[in-house]
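**Q** kindly return the folded structure for what I paste below:
(one chain, ligands or ions: 1)
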Amino acid sequence: MRHRLLQTGPLAPDLEAQLARQYDIHPLWKESDPKAFLADHGSDFVGLVTSARHGADAALLQAMPALKVISSFGVGLDAFDLEAARVKGIPIGYTPDVLNDCVADTAFALLMDVARNVSAADRFVRRGDWRTQQFPLATKVSGKRLGILGMGRIGRVIARRASGFDMELRYHNRRQASDVPYGYAPTLHELAAWADFLVIASAGGDETRGLVSREILDALGPKGYLINISRGSVTDQDALVDALVHKRIAGAGLDVFTHEPEVPEALLALDNVVLLPHVASNTHETRSDMAQRVLDNLTAFFAGRPMISQAL
Ligand code: 8YV
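**A** Residues are numbered from 1 along each chain as shown. Coordinates of the predicted model:
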C-alpha cells in the first residue's frame, strides 16, 4: 500500500512525477475549497509535502491528525509553525546545504551588479544612450569590507567567495562562531558602520524580523550597499525604500521582499537597486538536488531511518 501524502502547492514537474510514482499524493491547492477538503479528508494523510514558500501553519497541522512526517522543498522554515509541529512530534525534512553554492553565488551576483552598475549599464546600452552619453563611474568591489549578517551554512560560503575578491570580512551572528577565522562584530550596528557591503544571510522568522532597521541602514551610510538573499522580513522594508530613495545608502541588491511577489513601486525607478524575483537557488543543478533531497528524506523516514536533513 502506498503512503498517502498531501501536497500544499506546485513543485517542479519531475519531482511531482517521482512523488506520484512512489506515493498516493493529493494536490491540496487544486481543491476549490481546501479548508472544506481538509475538514473531510485531513485525517487520511500520513505525510505532507510542502516548500519553504508554503510551509505549514498550525491550522493545517491541526487538520491532519494522522500526520507523521513533513518533507519541505527549501531551506527556510519561517513559513512553518515549528512549535505546533514540535508539540505534535512531527519531524520536518528540508533541503539545506545543497543550495549553499547557488545562494552564495547569487549574493555575489547582486553585489557585483549593484556596485559596478551591470544592470543599469545594460539598460543604458539598450536605450541607445551610449551614443550620446558617458556612463557614470561605479564602485570598486575588490579589497573592500564585507559584513555578513548570519554566519550559518550560506554565510560561510559567501565568506569563502569573498576571499577571491580580497575582501576584508567581519560578521555578526546571535553567537560568535568558534570555527571561523573572521572578525566578530558584537552588534549589527557595529558591523553595518564598518562594512562597505552588508549581506543578509540569516534565517527569516520572528527572531530576525526587522533587524535591519532605519538605524542599521543609517550606520551602513551613503557609501554602503545592502544585499539580501535571505528573507524580506529581516529588513524594515519601508525604511529600506526610504533610505534608497533618499540616497542614505548607496544601493541594494535584493532577491527577497516582505510581500512577494509585490515589490515597492518606488524601487522600480531606481538605478542603484537590483531586483530579483527570489531566484537565488533557482538553477537546474541545485533545484534537482533539492528535489532529490525531498524524495530521499521521505524514503528514509518511511524506512524507519532518520531523514538526511531533518529540522525537528
Ligand atoms: C526557494 C528559499 O526558492 O529554500 C528556501 O528557503 O527561499 C528558496 O530556495 C523557495 O522558497 C522554495 O519554496
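**Q** apart from its neighbours in sequence, what residue is nearest whichever residue of the stretch 151-300 of the chain sits closest to the ligand?
**A** The minimum distance from the stretch 151-300 of the chain to the ligand, using Cβ to the nearest ligand atom, falls at residue 281 (3.5 Å). For every residue, glycine as well, the C-beta is placed using N, CA and C. Among residues not flanking residue 281 along the chain, residue 99 sits closest, at 4.1 Å (Cβ to Cβ, 6 or more residues apart in numbering).
**Q** check contacts around the one you found.
**A** Neighbouring residues of residue 99 by Cβ atoms under 8 Å, 6 or more residues apart in numbering: 74, 75, 154, 280, 281, 286, 289, 290.
**Q** let me know the outermost residue of the chain.
**A** residue 132 (40.2 Å; Cα atoms, centre = their mean).
**Q** now it: how far from the ligand?
**A** Using Cβ to the nearest ligand atom, to the nearest Å, residue 132 is found at 41 Å from the ligand.
**Q** may I have the predicted confidence score for that residue?
**A** Note for residue 132: predicted pLDDT of 98.
**Q** measure it to residue 272 for me?
**A** Separation of residue 132 from residue 272 (Cβ to Cβ, to the nearest Å): 22 Å.
**Q** all helices in the stretch 201-312 of the chain, in order from the N-terminus.
**A** 214-220, 237-245, 265-268, 284-302 (DSSP state H, counting those that start in this stretch).
**Q** now do the last one: which elements does it pack against?
**A** Going back to what we said before, that points to helix 284-302. helix 13-22, strand 47-51, strand 69-73, strand 92-93, helix 100-116 (3 or more Cβ pairs under 8 Å, 6 or more residues apart in numbering; DSSP states H and E).
**Q** is the last one positioned near the ligand?
**A** No: applying Cβ under 6 Å from any ligand atom, one finds helix 100-116 separated from the ligand by no less than 7.1 Å.
**Q** please shift the residue numbers so they start at 219 in all later answers.
**A** Sure thing, new numbering starts at 219, so read that last one as helix 318-334.
**Q** flag every residue of the stretch 269-418 of the chain that's near the ligand.
**A** 269, 270, 271, 291, 292, 293, 294, 317.
**Q** so which of these is the most crowded?
**A** Across those, neighbour numbers were computed from other Cβ atoms under 10 Å; residue 317 holds the maximum, 25 neighbours.
**Q** give the buried residues for stretch 453-465.
**A** 453, 454, 455, 457, 458, 459, 460, 461, 462 (16 or more other Cβ atoms under 10 Å).
**Q** residue 238: neighbour count?
**A** Other residues lying near residue 238 total 14 when counted by other Cβ under 10 Å.
**Q** same question for the one 4 residues further on.
**A** Residues contacting residue 242 under the criterion other Cβ under 10 Å number 15.
**Q** OK, contacts around it?
**A** 220, 221, 222, 223.
**Q** how does it look with 6 Å?
**A** Applying Cβ atoms under 6 Å, 6 or more residues apart in numbering, we find residue 242 in contact with 220, 222.
**Q** could I get the phi/psi values of it?
**A** In terms of degrees, to the nearest 10, the main-chain angles of residue 242 are phi -90, psi 90.
**Q** ok, now residue 370?
**A** Here is the backbone geometry of residue 370 (degrees, to the nearest 10): phi -90, psi -150.
**Q** hang on, the earlier thing: so can I have JSON lines of the helices of the stretch 419-530 of the chain showing mean pLDDT and distance to residue 444?
**A** Output for the helices of the stretch 419-530 of the chain, formatted as JSON lines (pLDDT from 0 to 100; distance: least, Cβ to Cβ, whole Å):
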{"stretch": "helix 432-438", "mean pLDDT": "99", "distance to residue 444": "6"}
{"stretch": "helix 455-463", "mean pLDDT": "98", "distance to residue 444": "7"}
{"stretch": "helix 483-486", "mean pLDDT": "98", "distance to residue 444": "12"}
{"stretch": "helix 502-520", "mean pLDDT": "98", "distance to residue 444": "24"}
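**Q** wait, which of those helices is closest to residue 341?
**A** helix 483-486 (12.1 Å; Cβ to Cβ).
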